[in-house]
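# What shape does this take:
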Amino acid sequence: MLPLLAICQLAAANAPAQTTHSRPFEAEILAFETMDITNPPPHDAILFTGSSSIRKWTTLAQDFKGHTVINRGFGGSQISDLVYYVDRIVIPYQPQRIVFFAGSNDLDAGKTAEQVFDDFKIFVQRVRAALPKVEMDYISITTSPLRWPEVEQVKKANGLIASWITAQDHLTFINVFPATLGQDRQPKAEFFLADRLHMNARGYALWISIIEPCLK
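Coordinates of the predicted model:
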């Protein structure tokens with residue numbers, strides 16, 4: 001825990017120089033680091049990180065009872081943002097496992113499936129350089145009623161990532177994509193909030209049923 005506190009204290013000491021927020025999400029990352037000083041996170045936990053579907057998962061600890069979890073999701077983020085901040089919100093926690101969800105915002109911003117795949121590989125490489133044997137789970141990119149027009153790119157990115165993962169050690173692809181579709185092969189509205197983008201409690205319950213077995 002001492003190395004983590006030292007990193008957090010150093011970040012806090014440098015905070016005034018970073019108030020220009022030259023990089024998106026800097027304020028959120030600084031908030032995490034400040035919280036880590038006042039309420040040090042547990043060692044050897046399962047770290048959930050990624051975009052808004054992780055950030056909005058406020059019941060994470062209750063949903064995975066029996067596991068010690070840390071939530072470090074920040075909404076609107078892309079995989080490249082996770083790469084940029086990996087040394088501040090992933091590596092310092094020395095987690096036993098990393099559960100990662102991002103990629104939908106990337107495609108919505110115009111990135112190709114190949115770019116998403118390349119960014120994910122860079123994220124894994126950055127993590128592996130510091131934590132060579134940490135278990136990692138990639139939750140597949142999902143679709144939603146709002147982003148259904150992007151579904152072909154979602155399928156392509158998932159296919160590239162899933163295929164690559166099969167040849168990697170300590171890395172698992174968790175495919176939640178099919179479970180969110182109805183018999184018409186369209187996203188089931190019952191899993192989403194009124195914004196037609198983010199999941200509701202039923203959507204998270206579906207994820208839990210698929211993710212929980214992978215954590216054992």
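# Please give the element, helix or strand, for Asn206.
For residue 206 the amino acid is Leu, not Asn. Following DSSP states H and E, one finds Leu206 within helix 201-211.
# Also Gln125?
Going by DSSP H and E, Gln125 is part of helix 113-130.
# helices and strands around that helix, which ones?
When contacts are defined as 3 or more Cβ pairs under 8 Å, 6 or more residues apart in numbering; DSSP states H and E, helix 113-130 packs onto helix 79-89, helix 104-108, strand 135-139, helix 151-165. All C-beta atoms are positioned from the backbone trio N, CA, C, and that covers glycine.
# closest to Glu212 out of the ones you listed?
Across the helices and strands packed on helix 113-130, Glu212 has its closest neighbour in strand 135-139 (11.2 Å, Cβ to Cβ).
# Touching that closest one from outside, list them.
Here strand 135-139 makes contact (Cβ atoms under 8 Å, 6 or more residues apart in numbering) with 50, 96-101, 120, 124, 127, 161, 165, 170-174, 176, 207, 211, 214-215.
# Could you chop the protein up by domain?
Structural domains assigned to the chain are 1-40, 43-215, following automatic domain parsing.
# Please look at His43 and Pro92 and confirm they touch.
No. Using Cβ atoms under 8 Å, His43 is not in contact with Pro92, being 10.7 Å away.
# out of these two, which sits in the more crowded spot?
Ranked by neighbour count (other Cβ atoms under 10 Å), His43 and Pro92 place Pro92 first, with 21 against 12.
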